[in-house]
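1. predicted model and sequence follow; I will ask about them next.
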Protein chains: 2
Amino acid sequence: MEKERGLLIVLSGPSGVGKGTVRKAFMQNAEEVQYSISVTTRKPREGEVNGVDYFFKSHEEFENMIENNKLLEYAHYVGNYYGTPVDYVEETLQSGKDVLLEIEVQGAKQVRKHFPEGAFIFLMPPSLSELRNRIVNRGTESTDLIDNRMGVAKDEIELIDQYDYIVENDQVELACERIHAIITAEHLRRDRLAHKYKNVTEV
Amino acid sequence: MEKERGLLIVLSGPSGVGKGTVRKAFMQNAEEVQYSISVTTRKPREGEVNGVDYFFKSHEEFENMIENNKLLEYAHYVGNYYGTPVDYVEETLQSGKDVLLEIEVQGAKQVRKHFPEGAFIFLMPPSLSELRNRIVNRGTESTDLIDNRMGVAKDEIELIDQYDYIVENDQVELACERIHAIITAEHLRRDRLAHKYKNVTEV
């Protein structure tokens, strides 16, 4: 039987919804999934480690990667670049392992063009007021930046139609369970599996 | 917020794969799902109860239901009729509850026409030789009937392309877990949920 290609899972959603928190919690119980570390020019937040949370790069280094087509997607977002290294994603999928991307909404749109068969998950805040609370409580942004982020977030939610699934981030553990169910179900989709069973009646 | 319509889940697969066993095990841990009892003209097997496993009807009673459009689908299969009462399914979905149908492959094809948005699950035997074992071990069929059923089963597996998901019935508990994941994921699909979130940015 031919080796089955891994599944690309894209976790995105508006700024402040808690993508990073959900992704970290999810990866603690997801041995079958490989997290694809993003590249960014933004400064590390407290506790963030280079090569674990992100690859932190200068603007110049990042722009070199763009020029050399080393990024599957990238976005310029609230003053910084965020991107996904393409080789790593492709090699991991080829090896049969699932890959999780946690990326901004702009980037997800670009990834869809290259991986129409991916499972695109939109992480949704319970409400916009709750989203604002989360951005404020993060405590890393000025009031102006918060207003800016809220405006961006509203625009991002308008792009929900480009996703396959909507997962509400009411509680991190519940969100993780939902993502696990989505991945299990995606692996059972007939259009992914039909090649395995096509010849079963000829055996 | 408008009441969300229930999800129709169709569990089908070749004769002898264990649809009834999986369905019974599944329903023991599926409070949110209503099983739609089928109508049949076949004789009850040992332990089967009228109104629980099936509604057992005479050929004449069944043909009256056909004439009066009281069946969502029906099939004439190895000498007997099997069908699904339409009113019950529609009312349960309207009430917001999910409905599980466990039906033959012929019937599933008819249901797809009325419910293109349903989640259609094909229960797959680990192999054809294992399928033959299961039919033989059931002990209710003569050798001729077993050969007949195996021929039908091969034709049924050819229809796999009409399904959304393929669930291997290697172990009943594993098959049930997979079906649970499918139902969870289907409820998270954006095309089912978008109406819920469409106006969130206007609040």
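-> Noted; the coordinates are in hand. Predicted model, so just to flag it, every value in this text is computed and none were measured.
2. tell me which parts of chain A are close to chain B?
-> Contact residues of chain A with respect to chain B, defined by CB under 8 Å from any CB of the partner chain, are listed as A:122, A:124, A:127-128, A:154, A:157-158, A:160-161, A:163-167, A:177-178, A:180-182, A:184-186, A:188-190, A:193-194, A:197, A:200-201, A:203. No exception for glycine: its C-beta is placed from N, CA and C like everyone else's.
3. after the helix or strand harbouring residue A:174, which helix or strand is next?
-> Assigned by DSSP states H and E, residue A:174 falls within helix A:172-187. From helix A:172-187 onward toward the C-terminus, using DSSP H and E, the following helix or strand is helix A:190-197.
4. which residue ranges form the helices in chain A?
-> Along chain A, counting by DSSP state H, helices occupy A:19-27, A:59-67, A:86-94, A:105-114, A:128-138, A:143-157, A:172-187, A:190-197.
5. any idea which of those helices is most buried?
-> Burial of the helices of chain A is given as mean neighbour count (mean count of other CB atoms under 10 Å in any protein chain shown); helix A:172-187 ranks first at a mean of 20.
6. which helices and strands sit right next to that helix?
-> If you count contacts as 3 or more CB pairs under 8 Å, 6 or more residues apart in numbering or on different chains; DSSP states H and E, helix A:172-187 packs onto strand A:8-12, helix A:19-27, strand A:119-124, strand A:165-168, helix B:172-187.
7. between that helix and helix A:19-27, how big is the angle?
-> Angular relation of helix A:172-187 and helix A:19-27 on a 0 to 180 degree scale: 70 degrees, by axes from the mean of the first three to the mean of the last three CA atoms, to 10 degrees.
8. hey, C-alpha coordinates of helix A:172-187 in PDB?
-> Output of helix A:172-187 as PDB, limited to C-alpha atoms (Å, rounded to 0.1, in the frame of the first residue of the first chain):
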ATOM      1  CA  VAL A 172      -8.900  25.800  25.700                       C
ATOM      2  CA  GLU A 173      -9.400  22.100  26.500                       C
ATOM      3  CA  LEU A 174     -12.700  22.100  24.600                       C
ATOM      4  CA  ALA A 175     -11.100  23.800  21.600                       C
ATOM      5  CA  CYS A 176      -8.400  21.200  21.600                       C
ATOM      6  CA  GLU A 177     -10.900  18.300  21.700                       C
ATOM      7  CA  ARG A 178     -12.700  19.800  18.800                       C
ATOM      8  CA  ILE A 179      -9.500  20.100  16.800                       C
ATOM      9  CA  HIS A 180      -8.600  16.400  17.600                       C
ATOM     10  CA  ALA A 181     -12.100  15.300  16.300                       C
ATOM     11  CA  ILE A 182     -11.600  17.400  13.100                       C
ATOM     12  CA  ILE A 183      -8.300  15.700  12.400                       C
ATOM     13  CA  THR A 184      -9.600  12.200  13.100                       C
ATOM     14  CA  ALA A 185     -12.600  12.900  10.800                       C
ATOM     15  CA  GLU A 186     -10.500  14.400   8.000                       C
ATOM     16  CA  HIS A 187      -8.400  11.200   8.000                       C
END
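9. that helix to strand A:8-12, inter-axis angle?
-> Comparing the axes of helix A:172-187 and strand A:8-12 via the same axes, to 10 degrees yields an angle of 150 degrees.
10. contact partners of helix A:172-187?
-> With CB atoms under 8 Å, 6 or more residues apart in numbering or on different chains as the contact definition, helix A:172-187 has outside contacts at A:7, A:9, A:11, A:18, A:21-22, A:25-26, A:29-30, A:33, A:98, A:119, A:121, A:123, A:165, A:167-169, A:192-193, B:165, B:177-178, B:180-182, B:184-186, B:188.
11. re the thing from before, for the helix holding residue A:174, give the mean pLDDT please.
-> Averaging pLDDT along helix A:172-187 gives 97.
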